[in-house]
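K.L.:
please work out how this folds:
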Amino acid sequence: MKVCIVSSCGGHLTEVRALQSVYQVYDHFYVLNDKVSLPDDMEGKTYFIMHSERDWKFFWNLWEAWRILRLERPRVLLSTGAGPIVPFSIIGKALRIPIIFVETFTRVSYPSLTGRIMYLLADRFFYQWKSLAQFFPKGVYCGPLV
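P.N.:
Next up, the predicted model:
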């Protein structure tokens, strides 16, 4: 099984890496929306895509998602956000790749825009604060990742 981990840089990457013990046993690779210094275990396993902030670059991200997902052929997409997971999920849905999304830890009382979108796209949706249950009735409370 191959896992595609899609993330923004910074806190979202820190969060998704908290799940490393789950996905490290599988073949996996990362997709990040900005160039950053990488830990040794991510070297040679990371794609960098164009950073998009709800602008025309989103459409370029769709193309990048198509190219990467067709090349790598992962069995599942995993993300804690933010923006890059949306185009990857749209293409992933077209390619019938299951999507696992965890709403970010920083959202305590109200969901993020990405979380609201991903609630509609994800096959499995998790949230880290019980206070979000009202927004995600079909989601699963998982508690804090970090």
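
K.L.:
what is the neighbour count of Trp56?
P.N.:
By the measure other CB atoms under 10 Å, the count of residues near Trp56 is 7. C-beta coordinates here come from the backbone N, C-alpha and C atoms, glycine included.

K.L.:
pLDDT score for it?
P.N.:
At Trp56, the model reports a pLDDT of 92.

K.L.:
quick one: the helices in this protein?
P.N.:
11-17, 20-23, 57-72, 85-94, 113-121 (DSSP state H).

K.L.:
rebuild the ones you listed as TSV, extending it with mean neighbour count.
P.N.:
Shown next, in TSV, are the helices of the chain (neighbours: other CB atoms under 10 Å):
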stretch	mean neighbour count
helix 11-17	20
helix 20-23	12
helix 57-72	16
helix 85-94	22
helix 113-121	18
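
K.L.:
so which of the ones you listed is nearest Val102?
P.N.:
When these are compared by CB to CB, helix 11-17 sits nearest Val102, at 7.2 Å.
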